[in-house]
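>>> following is a predicted model, sequence given first.
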Amino acid sequence: MRLDHQVPGFSAWLPASLAESVSARVSSWAREGTVARIWDKDASVWTGSDESSWLGWLDIVEAQQARIEELQAFGQDIACGEFEHILLLGMGGSSLCPEVLKMTFGKQPGFPDLQVLDSTDPTQIRALDASVDLRKTLCIVSSKSGSTLEPNIFMEYFLSRMRETVGKEQAGSHFVAITDPGSHMQAVAEAAGFRKILFGLKSIGGRYSALSDFGMAPAAAMGLDVNSLLSGAARMAQACKLPADSNPGLVLGAVMGEAALAGCDKMSIVASPAIWDLGAWMEQLVAESTGKLGNGIIPIDLEPPLTAGKYGQDRLFIYIRHADSADPAQDLQVDAVRAAGHAVVQIDLSNTAELGAEFFRWEFATAVAGSVLGIHPFDQPDVEASKIATMSLTSAYEVTGSLPSESPLLKIYGLTFYADCMNAAALEHAGSSALHLMRAHLNRLHGGDYFGLLAYLNMSAENQAKMQRLRRAVLVKTGAATCLGFGPRFLHSTGQAYKGGPNTGVFLQITCDDEADLSVPGRKLSFGAVKAAQARGDLAVLNERGRRALRVHLGPDVSEGLDALVDLVERALLD
């Protein structure tokens, strides 16, 4: 049935029982004045912990509008003709909004072309380095805490390269830092003579920072109309103060939260071609905010389409439709899904400038969903667990020059398989055949489960295409929701939900030997060692949380290894 509400540009078709739950939730919030309590920064809306310390995003739009001239001046300084390229060096909340803006708006006339680095894969870093002329490149190093490993080693690498290229005296003028006041990165930036230091707010977590300088400063640097983005966000912020059934953030958040409670906890994102990358930002916001304490919403982005009747009943489909680039095939797919009785939300956008409004809508809605689920939507305990596990391994590497040895479960046809004791025991009946081992692992998928591909590989077009083929094979055979994340990027995004959310994931982690490694200047570490440590740390925490996980190592020829793996999975799925 169609959900009754008063939100323009928003439609929801839900099973009758879910529609009733959503309406009841919205009505109870209206009676209890819960929206006003959010704006009053009342932590008891959630768990009564420290949530009130993390609500700076509610007021950031107004604050940014008050300093619009400063942001515009920053953009004009970058457009002076000195730079042709911008490298945004960051992870998670510090990189995903700029990436969405780049993928949506592209290069603007008279402004540098922005590229994002959020991978420790040596091949990917080397390729990005080779694609720009450092003499005409500005590096924006973005890290809220200033202590996150990846942005710091990205900075160390490119600062060293810049000094080699333009000299030590000039190198700092090619760097801008965005970080919280008093961070380690601020001290480094000041000592190195960076061109500018921009500050975040300690009351805004990374995934809620799109409308702060972490998103808007790169937007200004690439020549976007920041005033227009903020104006749209301001209108949405005002709308999120409205009475309950007219409040776009509340209605969406109530649908998300109630759907998850009803078992529709796989949020499948469909976005029009012009805004196709928005899902990458939504993934982090929703997964990191809700996926904890055994609860949460698992976002599914860029999944190949499936015949509508073959989807499980655990889906909530979100269709963000951009009028000028609407894809008729997507329209037909969503119509079919709706006709099959699945829960569907459609948000209609008239132009891409509405992205600013969407950033705020989704931040507010995710906070609402967190309240419905009874969790703290502003912490990320399991992300921290992976960081600690990785740090232990990288610290050992800097002492010994190597990572601890491992014992494989099976090595055959150039593929090496690893599992912890729990997972090995669950798969021991598979015998010594790679085919039987993979089949046994995939047979662990049951109704309501999802399949997660965790690829610590270069995020190249070729590798993405092969991973999507593998993903589609599992989807078509099982009907299970499928996720694809490239590491370490997803560790700062969906990784929280995989470890802290519901234990319904079956994971295949994919690693490789790097054909050519890359040293981190001033350290004994290499980028390849960091990536390997991150993969091991990730798997260790998945294992600690009792997740069904298998790792396959490809060796140095990634293309050949992926071909073999895809073939293996496709054969394992045959009856």
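Great, that's in hand. Numbers count the residues shown, from 1 in each chain.

>>> what about stretch 497-509, average pLDDT?
For stretch 497-509, the mean pLDDT works out to 97.

>>> V344 - that's part of a helix, no?
No. If the criterion is DSSP: H, G, I helix; E, B strand; the rest coil, then V344 is strand and not within a helix.

>>> any idea of the pLDDT on it?
pLDDT, V344: 98.

>>> for it, list each beta-bridge partner.
W13, F317 (DSSP bridges).

>>> hmm, it is touching Q333, no?
No. Counting by CB atoms under 8 Å, V344 does not reach Q333; the two are 10.6 Å apart. Just so you know, the C-beta spots here come from the backbone N, C-alpha and C atoms, and that holds for glycine as well.

>>> between these two, which one's more packed in?
Using other CB atoms under 10 Å as the criterion, V344 and Q333 rank with V344 on top: 22 against 18.

>>> so I178 sits in a helix?
No. Looking at I178 with three-state DSSP, it is strand, so not inside a helix.

>>> that one: neighbouring residues, count only.
I178 - counted by other CB under 10 Å - has 30 other residues nearby.

>>> okay but it is in contact with I140, surely?
Yes. Between I178 and I140 there is a contact under CB under 8 Å: 6.5 Å.

>>> mind listing the shared neighbours of the two?
Counting by CB atoms under 8 Å, 6 or more residues apart in numbering, the contacts common to I178 and I140 are A217.

>>> tell me where the stretch 151-300 of the chain has strands.
175-179, 196-199, 266-271, 298-301 (DSSP state E, counting those that start in this stretch).

>>> name the helices or strands packed onto the longest one?
It refers to strand 266-271. Packing partners of strand 266-271 (3 or more CB pairs under 8 Å, 6 or more residues apart in numbering; DSSP states H and E): helix 278-290, strand 298-301, strand 315-322, helix 328-339.

>>> the inter-axis angle of that strand versus helix 278-290?
150 degrees (axes from the mean of the first three to the mean of the last three CA atoms, to 10 degrees).

>>> partners of strand 266-271, with directions?
Applying DSSP bridges, strand 266-271 is found paired with strand 298-301 (parallel), strand 315-322 (parallel).

>>> who are the contact partners of I78?
Taking CB under 8 Å, 6+ apart, one finds I86, F111, P112, L138, A220, A221 in contact with I78.

>>> an error on my part: the question was meant for S432.
L410, I412.

>>> how near is it to F417?
Distance, S432 to F417, by CB to CB, to the nearest Å: 11 Å.

>>> overlap in contacts of these two?
Contact with both S432 and F417 is made by residues L410, according to CB under 8 Å, 6+ apart.

>>> just the element for F417, please.
Per DSSP states H and E: F417 is located in strand 415-418.

>>> only the buried residues of the helix or strand following that strand, if you could.
Heading C-terminal from strand 415-418, the first helix or strand you meet, by DSSP H and E, is helix 421-427. For helix 421-427, the buried set under the neighbour-count rule, 16 or more other CB atoms under 10 Å, comprises N423, A424, L427.

>>> packing partners for helix 421-427?
Where contact means 3+ CB pairs under 8 Å, 6+ apart, helix 421-427 is packed against helix 434-442, strand 548-553.

>>> deepest of the ones you listed, which one?
Comparing the helices and strands packed on helix 421-427 by mean neighbour count (mean count of other CB atoms under 10 Å), strand 548-553 comes out on top with a mean of 24.

>>> helices and strands around that strand, which ones?
Strand 548-553 sits against strand 415-418, helix 421-427, helix 434-442, strand 505-511, helix 527-544, with contacts defined as 3+ CB pairs under 8 Å, 6+ apart.

>>> kindly provide the whole-number mean pLDDT of the third one.
For helix 434-442, mean pLDDT is 96.

>>> report the inter-axis angle for the least confident helix or strand in the chain by mean pLDDT versus helix 278-290.
Of all helical and strand segments in the chain, the minimum by mean pLDDT, DSSP states H and E falls on helix 381-400, at a mean of 90. Angle between the axes of helix 381-400 and helix 278-290 is 100 degrees (criterion: the same axes, to 10 degrees).

>>> for helix 381-400, buried residues please.
Buried residues in helix 381-400, counted by 16+ other CB under 10 Å: D382, V383, A385, S386, K387, A389, T390, L393, T394, Y397.

>>> and the third one, how far from D538?
The reference is to A385. Distance of A385 to D538, computed by CB to CB: 10 Å.

>>> now the last one
The span separating Y397 from D538 equals 16 Å under the rule CB to CB.

>>> ok, D129 next?
D129 sits 26 Å away from D538, going by CB to CB.

>>> so the two - more neighbours on which side?
D538 (29 against 16).

>>> contacting residues for the more buried one?
Neighbours of D538 in contact, by CB under 8 Å, 6+ apart: S386, A389, T390, L454, G487, P488, L491, G495, Q509.

>>> tell me how many other residues crowd the last one.
Okay, so that is Q509. Using other CB under 10 Å, Q509 has 22 neighbouring residues.

>>> how far away is it from D420?
Distance from Q509 to D420, counting by CB to CB: 12 Å.

>>> overlap in contacts of the two?
Joint contacts of Q509 and D420 (CB under 8 Å, 6+ apart) are L539, A549.

>>> out of the helices and strands packed on helix 421-427, which is closest to G257?
Closest to G257 of the helices and strands packed on helix 421-427 is strand 548-553 (CB to CB; 26.2 Å).

>>> strand partners (parallel or antiparallel) of the closest one?
When pairing is defined by DSSP bridges, strand 548-553 lines up against strand 415-418 (antiparallel), strand 505-511 (parallel).

>>> tell me the most buried of those strands?
strand 505-511 (a mean of 23).

>>> what are the contacting residues of that strand?
Outside strand 505-511, the residues touching it (CB under 8 Å, 6+ apart) are 298, 441-442, 444-445, 449-457, 480, 483, 498, 532, 535, 538-539, 542, 547-554, 562, 565.
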